[in-house]
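In: 3D model of this:
(2 chains)
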Amino acid sequence: MFIELLKIELYKIFKRPRTFIAFGAIAVIILLVQFALKVNGKDFVQFYTDSQADTFDIPYEKILNGYFVCVAVLHMILIHVPLLVALIAGDMISGEASLGTLRLLAGKPVTRTQLLMAKFSASTVYVTLLLAWMALFALLGSLLIFGTEDLVVFKETDLHIIKAGDVIWRFFAAFVFAALALTTIAAMALMFSVFSENSLGPIVATVCVVIVFTIVQQLRVPVFEETVNPWSFTTHMLGWKGFFYVEKNAEGATITGSIENPAALLRSGLILTGYIALFLGISIRSFNKKDILS
Amino acid sequence: MKPVFPLLIAACILLSAARAQGAKELLQKVKAKYDKVDDYTATAKMKTNVVFIKAPVATIKVYYKKPDKIKIKNESGVSFIPRGSANVNMNNVLGLSDFEAVEGGMEKTGGVNCKVIRIFPLSDEESITRATLYIDESRLLVIRSVISTKENGTYELGMSYKKYAEWGLPDKVELSFNTRDYKLPKGVTIDYDNGTGKEKAGEATPKKGKVEISYTSYIINKGVPDSVFN
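Out: Numbers count the residues shown, from 1 in each chain, chains lettered A, B, ... in the order given. Purely as a prediction, here's the structure:
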């Protein structure tokens, strides 16, 4: 029965033209970034390496490879993808309410929890497909256009060079982590959706929460650094980047297959899972008690 | 008593001139040894130990052509190669034509008793402002060198020789150089905070970087095309 419900929810999602706006927008953004880096990529790399150009011979052409471009693309667009996820997940319950079909739906011989879980699962499938689409364009596209080489990851105070042969699994892990992060957004949007009778409210609320916490995180104010940021989901949503931070040995050489702090990644993953459980728990409790009048 | 003082000065001048002459003669002998190599292509492993760079051990190729062409290439990956690595080529110093050399006594370096020679280029055109070479007199090999340049600061090289000592080519070179802090503006990279930044914040950052080049093989005097150095 659950699979049937899921199929119906997926049909509803992919029947709507706006679902494909997200896929189209992602493809266009990625292609634009790839084009810009193909034309002015050296300037982009120079921005990161300028302070060391006197000391080191910087291999600009080699740094600008498919893996580097893919990380740059993900860095630029993953911050904005929550908006695209909220557009779909924020509409799951409230959209039915505004159309007047929620009462009809709730009258079916399935529990409300099953109904909500089907909607959440459909949102998760949407998120996964969106990321797969992104991976196809950002990774495969960049590799085709720019080729493969070692990956250089620029951080605020250091830079990591990862051997080309040690990169692909990191992208796979990063996409899986990004899926977890975006599922958190989907769960939050679904939660807001339960409390609303129109679609706009949950979508705007989700985007506003993400923006506020991202700003708080980027302010780097000690009071927030010590209290809010360690528990803010926006802090942990960046965990996908952690797969591109490598560890080095005593002699300074990077260790193949290493992650700088795997415990932190595990913690981030658990915190995001905790948020998903919390948002779903609130959604199920509220939806089960909800007086459906429309 | 009067003639004693000028005689003392004259003796000092003669002595220092003799020492300078001795230093130059030693440098000539060392140069003659290094001059046996017209060109080489070497394969090596390069370890980079710079506080803000995490890099794998790279397999590199070093190309050299007389008198001063040298190129270090990582042909199978990305490496940040210090600009001072050009000084791996000792001809940069030994090839100087207009310079003063002064003996600086003996000093034990890398377990070897070395003669210290300080070199001061006289021409303003030279990129090197001064150099100190620690020379193993018995084998006529430069064991250590400290080279100050106009544009890229001071580089220190430590060299150990085994298989290719007769050519004056090291098996291992350790290059130390000054580094600048690496810091991008806040919010540009939007890093994931995995807690390592806070651990590092308390540590004093060393301002010296080090690169270790371990040579595995040399192809000597078999010709190197000029296109390699472009």
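In: residues near A:Leu144, how many?
Out: Applying other Cβ atoms under 10 Å in any protein chain shown, we find 10 residues neighbouring A:Leu144. (Each C-beta comes from the backbone N, C-alpha and C, glycine too.)
In: so for stretch B:90-99, what's the average pLDDT?
Out: The average pLDDT within stretch B:90-99 is 84.
In: Can I get it in PDB, CA atoms only?
Out: C-alpha atoms of stretch B:90-99 as PDB (Å, rounded to 0.1, in the frame of the first residue of the first chain):
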ATOM      1  CA  MET B  90      74.600  24.700  -8.300                       C
ATOM      2  CA  ASN B  91      75.700  26.400 -11.500                       C
ATOM      3  CA  ASN B  92      73.500  29.400 -10.400                       C
ATOM      4  CA  VAL B  93      76.300  30.100  -7.900                       C
ATOM      5  CA  LEU B  94      79.300  28.400  -9.400                       C
ATOM      6  CA  GLY B  95      78.600  30.000 -12.800                       C
ATOM      7  CA  LEU B  96      79.000  33.500 -11.400                       C
ATOM      8  CA  SER B  97      81.800  35.400 -13.200                       C
ATOM      9  CA  ASP B  98      82.100  38.600 -11.300                       C
ATOM     10  CA  PHE B  99      82.200  38.000  -7.500                       C
END
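In: Which one of the residues in chain B is closest to chain A?
Out: B:Asn49 (3.3 Å; Cβ to the nearest Cβ).
In: Disregarding residues adjacent in the polypeptide, which is nearest to that residue?
Out: Excluding its sequence neighbours, the residue lying closest to B:Asn49 (Cβ to Cβ, 6 or more residues apart in numbering or on different chains) is A:Gly252, at 3.3 Å.
In: quick one: the one you found and B:Phe52 touch, right?
Out: No. In this structure, A:Gly252 is not within contact of B:Phe52 by Cβ atoms under 8 Å, at 10.7 Å.
In: Which stretches in the stretch 51-200 of chain A count as helices?
Out: A:60-63, A:66-77, A:81-89, A:94-99, A:102-106, A:112-135, A:142-146, A:168-194, A:200-219 (DSSP state H, counting those that start in this stretch).
In: weakest of those in terms of mean pLDDT?
Out: Among those, helix A:102-106 carries the lowest mean pLDDT (a mean of 88).
In: got the buried residues for that one?
Out: By 16 or more other Cβ atoms under 10 Å in any protein chain shown, the buried positions in helix A:102-106 come out as A:102, A:105.
In: Show me what it is packed up against.
Out: Applying 3 or more Cβ pairs under 8 Å, 6 or more residues apart in numbering or on different chains; DSSP states H and E, we find helix A:102-106 packed against helix A:112-135.
In: what helices or strands is the helix it packs on leaning on?
Out: helix A:2-15, helix A:17-49, helix A:81-89, helix A:102-106, helix A:168-194, helix A:262-289.
In: what separates the shortest one from the chain centre, distance-wise?
Out: When you say that, I think you mean helix A:102-106. What separates the centre of helix A:102-106 from the centre of its chain is 31 Å, taken as Cα atoms, centre = their mean, to the nearest Å.
In: What lies in contact with it?
Out: A:93, A:96, A:112, A:115, A:292-294 (Cβ atoms under 8 Å, 6 or more residues apart in numbering or on different chains).
In: before we move on, back to that, mind checking the SS state of the residue of chain B closest to chain A?
Out: Secondary structure, DSSP: H, G, I helix; E, B strand; the rest coil: B:Asn49 is strand.
In: contacting residues around the residue of chain A found nearest chain B?
Out: With Cβ to the nearest Cβ as the measure, A:Gly252 is the residue of chain A nearest to chain B, at 3.3 Å. A:Gly252 is in contact with B:47-50, B:53-55, B:210, counting by Cβ under 8 Å, 6+ apart.
In: Could you dump these into CSV with pLDDT, distance to B:Ser85 and neighbour count added?
Out: Output for these, formatted as CSV (pLDDT from 0 to 100; distance: Cβ to Cβ, whole Å; neighbours: other Cβ atoms under 10 Å in any protein chain shown):
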residue, pLDDT, distance to B:Ser85, neighbour count
B:Lys47, 93, 13, 18
B:Thr48, 92, 11, 25
B:Asn49, 90, 14, 19
B:Val50, 91, 13, 23
B:Ile53, 93, 14, 22
B:Lys54, 93, 19, 25
B:Ala55, 94, 14, 28
B:Lys210, 91, 12, 20
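In: Where does pLDDT dip in chain B?
Out: For chain B, applying pLDDT under 70 flags the ranges B:1-21, B:197-206.
In: Output the contacting helices and strands for the lengthiest strand in it.
Out: Assignment by DSSP state E gives strand B:208-220 as the longest strand of chain B. Secondary-structure packing of strand B:208-220 (3+ Cβ pairs under 8 Å, 6+ apart): strand B:39-49, strand B:58-65, strand B:81-82, strand B:172-178.
In: could you redo the last one with a cut-off of 10 Å?
Out: strand B:39-49, strand B:58-65, strand B:81-82, strand B:153-160, strand B:172-178 (3 or more Cβ pairs under 10 Å, 6 or more residues apart in numbering or on different chains; DSSP states H and E).
In: That one pairs with which strands?
Out: Paired strands of strand B:208-220, with direction, are strand B:39-49 (antiparallel), strand B:172-178 (antiparallel) (DSSP bridges).
In: Please tabulate those strands in JSON lines, including the columns distance to B:Val78.
Out: Formatted as JSON lines, the strands paired with strand B:208-220 follow (distance: least, Cβ to Cβ, whole Å):
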{"stretch": "strand B:39-49", "distance to B:Val78": "11"}
{"stretch": "strand B:172-178", "distance to B:Val78": "19"}
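In: Of these, give the one that comes closest to B:Ser145.
Out: When the strands paired with strand B:208-220 are compared for distance to B:Ser145 using Cβ to Cβ, the nearest one is strand B:172-178, at 10.0 Å.
In: Would you map the helices across chain B?
Out: Secondary structure of chain B (DSSP state H): helices located at B:4-34, B:91-94, B:196-201.
In: Does the second one reach chain A?
Out: By that I understand helix B:91-94. No. Using Cβ under 10 Å from any Cβ of the partner chain, we find that helix B:91-94 stays clear of chain A, coming within 16.1 Å at best.
In: and that helix, how far from the chain's centre?
Out: Centroid separation for helix B:91-94 versus its chain: 10 Å, with Cα atoms, centre = their mean.
In: What are the contacting residues of that helix?
Out: B:27-28, B:30-35, B:37, B:64, B:66-70, B:86-87, B:99, B:117, B:119, B:121, B:126-128, B:130-133, B:142, B:145, B:147, B:149, B:168 (Cβ atoms under 10 Å, 6 or more residues apart in numbering or on different chains).
In: let's see it at 6 Å
Out: B:31, B:34, B:67-68, B:131 (Cβ atoms under 6 Å, 6 or more residues apart in numbering or on different chains).
In: possible to save the residues you listed as CSV with neighbour count?
Out: Formatted as CSV, the contacts of helix B:91-94 follow (neighbours: other Cβ atoms under 10 Å in any protein chain shown):
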residue, neighbour count
B:Lys31, 17
B:Tyr34, 19
B:Pro67, 12
B:Asp68, 11
B:Ala131, 27
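In: Just flag the most distant two among those.
Out: With Cβ to Cβ as the measure, no two of those lie farther apart than B:Pro67 and B:Ala131, at 16.0 Å.
In: returning to that earlier point: point out the most buried one among the helices and strands packed on strand B:208-220.
Out: Mean neighbour count (mean count of other Cβ atoms under 10 Å in any protein chain shown) peaks for strand B:81-82 among the helices and strands packed on strand B:208-220, with a mean of 24.
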